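# 3D, please:
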Amino acid sequence: MSEVTMDKIVSLCRRRGFIFQSSEIYGGLNGAYDYGPLGVQLKNNIRDLWWKEMTQLHDSIVGLDASILMHPRVWEASGHVSNFTDPMVDCKQCKSRFRADQVDLNGPCPVCGSKGTFTAPRNFNLMFATHIGPDVDAASTIYLRPETAQGIYTEFKNVVQSSRVKIPFGIAQVGKSFRNEITTKNFIFRSCEFEQMEMQFFCKPGTDEKWFPYWREQRMNFYINKLGIIPEHLRWHQHGPDELAFYAKDAYDIQFLFPMGWQELEGIHSRTDYDLTQHQKFSGKDLTYLDPETNEKYIPYVVETSAGLTRNVLMALSDAYDEEQLEDGDVRTVLHFHPSVAPITVAVLPLVKKDGIGEYADKLEHELREDFATFFDQSGAIGRRYRRMDEIGTPYCVTVDYDTLKDHTVTLRFRDSMQQVRVPVSELVSEIRKATKEYKRV
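All right, here's what the predicted structure looks like:
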């Protein structure tokens with residue numbers, strides 16, 4: 001396996017239509033990215049797999065899609081207005097801006113090399129502020145949400161009353177969040193606009209000791225068994241005393257070995273009853289839960305799972321990327337996506353355009369669309385078309401040739417092993433489904 005660098009990932013993403021820098025024709029905008037045809041499909045596949053895992057395959061987890069714009073008091077209750085800050089410094093010489101905890105204030109500037117030129121650290125609130133209504137004043141100030149979790153907490157009572165769910169239960173949500181980051185770097189790892197996949201699991205105080213390790217196990221298994229991530233590329237990091245939020249009992253991060261090193265991918269946090277207690281205090285509304293069986297009233301404890309969808313995309317690209325030295329001396333660039341998340345599942349390739357082969361292949365590709373994400377390509381030598389499909393991570397290629405017209409069989413090629421087998425067209429869908437179910441990365 002070759003070394004995976006961020007430059008290689010960025011180059012492939014731009015070349016093959018996964019991710020582009022936003023507003024590129026105007027010089028681009030730092031920290032903002034557009035997802036191209038393959039990128040948006042990859043992102044949607046990961047999102048849909050997570051949603052199915054959390055809501056369909058688990059008992060008592062319901063969905064929510066809360067508004068991005070919320071009452072400003074929400075962010076006072078959550079502590080974001082007063083505490084959601086990073087220390088910031090500027091280089092007086094080159095005007096570059098840095099987080100104060102990420103540079104040596106007595107050392108040289110990482111950009112221009114000047115020494116002793118940093119400004120004094122000052123707090124910088126990471127929330128984007130905007131205004132609602134015709135007047136631009138303090139009374140009209142609202143914020144773009146910096147996280148999706150608070151919408152779940154503020155709708156806790158409505159969900160309980162309308163869905164008739166009973167504790168223990170969870171509320172899952174996928175949505176965009178916005179953070180006015182001091183510095184954006186490492187491609188889509190840290191950006192101003194991103195998407196989160198969060199689930200807040202509400203349980204009776206004391207039972208969180210059981211649910212916290214349960215959700216830790218569930219979330220790690222998701223990456224290994226459902227997304228097909230190499231286990232050695234994942235590890236646990238427990239928050240130490242200097243990292244743990246003052247209201248949390250315990251917290252772990254799932255870290256992934258990105259090209260720039262080990263970084264957080266998802267957090268699993270035992271948040272106690274802090275969030276609902278705060279919103280009850282600031283809103284004046286009763287957010288206690290009445291147990292229908294015991295008639296106990298209490299504010300539930302929360303076990304949170306919070307993952308970045310955009311970071312999951314970068315993880316999938318980084319984990320899948322490989323450059324293989326072939327026996328003929330050629331180098332094959334390939335993305336080893338799990339078939340369940342690959343943007344294109346099956347490519348249909350006619351060996352030649354003439355003699356009815358192109359028409360047969362076109363008809364077959366349209367039929368396969370009912371079951372898979374497909375692509376039709378009849379341009380160029382068959383070997384070059386295989387390489388193009390390998391580079392974008394397509395797990396299966398189907399080649400239609402002259403024998404197909406005689407016996408209605410096709411060549412099914414597997415991306416990872418490059419093995420080719422002859423399969424009857426009538427059995428093609430079942431063979432692909434079987435291979436997907438049994439998929440193990442070579």
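# Helices of the stretch 51-200 of the chain, start to end?
Listed in chain order, the helices of the stretch 51-200 of the chain (DSSP state H, counting those that start in this stretch) span residues 72-77, 80-83, 149-154, 156-163.
# Deepest in the core, which of those helices is it.
Compared across the helices of the stretch 51-200 of the chain, helix 149-154 shows the largest average neighbour count, a mean of 23 (mean count of other CB atoms under 10 Å). All C-beta spots, glycine's among them, are computed from the backbone N, C-alpha and C.
# Which other helices and strands does that helix contact?
helix 72-77, strand 169-178, strand 193-203, helix 274-283 (3 or more CB pairs under 8 Å, 6 or more residues apart in numbering; DSSP states H and E).
# Mind listing residues that contact it?
Contact with helix 149-154 is made by 64, 66-67, 70, 74-75, 78, 145, 171, 173, 175, 198, 200, 275-276, 279, 283, 304, 306, as judged by CB atoms under 8 Å, 6 or more residues apart in numbering.
# Just the mean pLDDT for that helix, thanks.
Across helix 149-154, pLDDT averages out at 97.
# mind checking which helix or strand of this structure has the lowest mean pLDDT?
Here the helix or strand of the chain ranked lowest by mean pLDDT, DSSP states H and E is strand 122-125, holding a mean of 76.
# which residues sit in contact with the nearest residue to residue 140 once chain neighbours are set aside?
Take residue 140 and drop its neighbours on the chain: the residue closest to it by CB to CB, 6 or more residues apart in numbering is residue 131, 4.3 Å away. For residue 131, the set of contacting residues under the criterion of CB under 8 Å, 6+ apart consists of 137, 140-142.
# of those, buried ones?
residue 142 (16 or more other CB atoms under 10 Å).
# Can you lay out the contacts of residue 131 as JSON lines showing distance to residue 256 and pLDDT?
Listed next are these as JSON lines, based on distance: CB to CB, whole Å; pLDDT from 0 to 100:
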{"residue": "137", "distance to residue 256": "44", "pLDDT": "81"}
{"residue": "140", "distance to residue 256": "41", "pLDDT": "87"}
{"residue": "141", "distance to residue 256": "37", "pLDDT": "91"}
{"residue": "142", "distance to residue 256": "34", "pLDDT": "94"}
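# and which of the contacts of residue 131 is nearest to residue 156?
Of all these, residue 156 sits closest to residue 142, with 21.3 Å by CB to CB.
# Pretty sure that closest one sits against residue 130.
Yes - A contact is recorded between residue 142 and residue 130 when judged using CB atoms under 8 Å, the distance being 6.1 Å.
# Any regions of the stretch 51-200 of the chain where pLDDT drops low?
Along the stretch 51-200 of the chain, the model assigns pLDDT under 70 to residues 85, 182-183.
# returning to what we had before: which one of the helices of the stretch 51-200 of the chain lies nearest to residue 179?
Each of the helices of the stretch 51-200 of the chain has some distance to residue 179 by CB to CB; the shortest is helix 80-83, at 10.3 Å.
# Could you give the number of residues near the residue nearest to residue 419 when sequence neighbours are not counted?
Distances taken as CB to CB, 6+ apart put residue 413 closest to residue 419, at 7.3 Å, once the chain neighbours are dropped. Burial of residue 413 is recorded as 22 neighbouring residues (other CB atoms under 10 Å).
# list the contacts for residue 413?
Taking CB under 8 Å, 6+ apart as the definition, contacts of residue 413 comprise 386, 396-399, 419-420.
# most neighbours, which of those?
Of all those, residue 397 has the most neighbours under the rule other CB under 10 Å, reaching 26 neighbours.
# coming back round to it: most tightly surrounded among the helices and strands packed on helix 149-154?
Sorting the helices and strands packed on helix 149-154 by mean neighbours (by mean count of other CB under 10 Å), the first place falls to strand 193-203, with a mean of 23.
# what helices or strands is whichever helix or strand comes after it leaning on?
Later in the chain than strand 193-203, the nearest helix or strand by DSSP states H and E is helix 208-221. With contacts defined as 3+ CB pairs under 8 Å, 6+ apart, the secondary structure elements packing on helix 208-221 are strand 193-203, strand 234-238, strand 250-258, strand 261-272, strand 301-308.
# Now do the closest residue to residue 168 other than its chain neighbours against residue 299, distance only.
When the adjacent residues along the chain are set aside, residue 168 lies closest to residue 203, with 4.2 Å between them (CB to CB, 6+ apart). To residue 299, residue 203 is 11 Å away according to CB to CB, to the nearest Å.
# swap in residue 42?
Taking CB to CB, one finds residue 42 at 39 Å from residue 299.
# These two: which has the busier surroundings?
Residue environment comparison for residue 42 versus residue 299 gives the larger neighbour count to residue 42, 27 against 20, counting by other CB under 10 Å.
# Around the residue nearest to residue 39 when sequence neighbours are not counted, count how many other residues there are.
Among residues not flanking residue 39 along the chain, residue 18 sits closest, at 3.9 Å (CB to CB, 6+ apart). Other residues within reach of residue 18 by the criterion other CB under 10 Å amount to 27.
# For residue 18, give me its contacts.
Residues counted as contacts of residue 18 (CB under 8 Å, 6+ apart) are 12, 35-36, 38-39, 42, 317.
# So which of these sit within strands?
residue 35 (DSSP state E).
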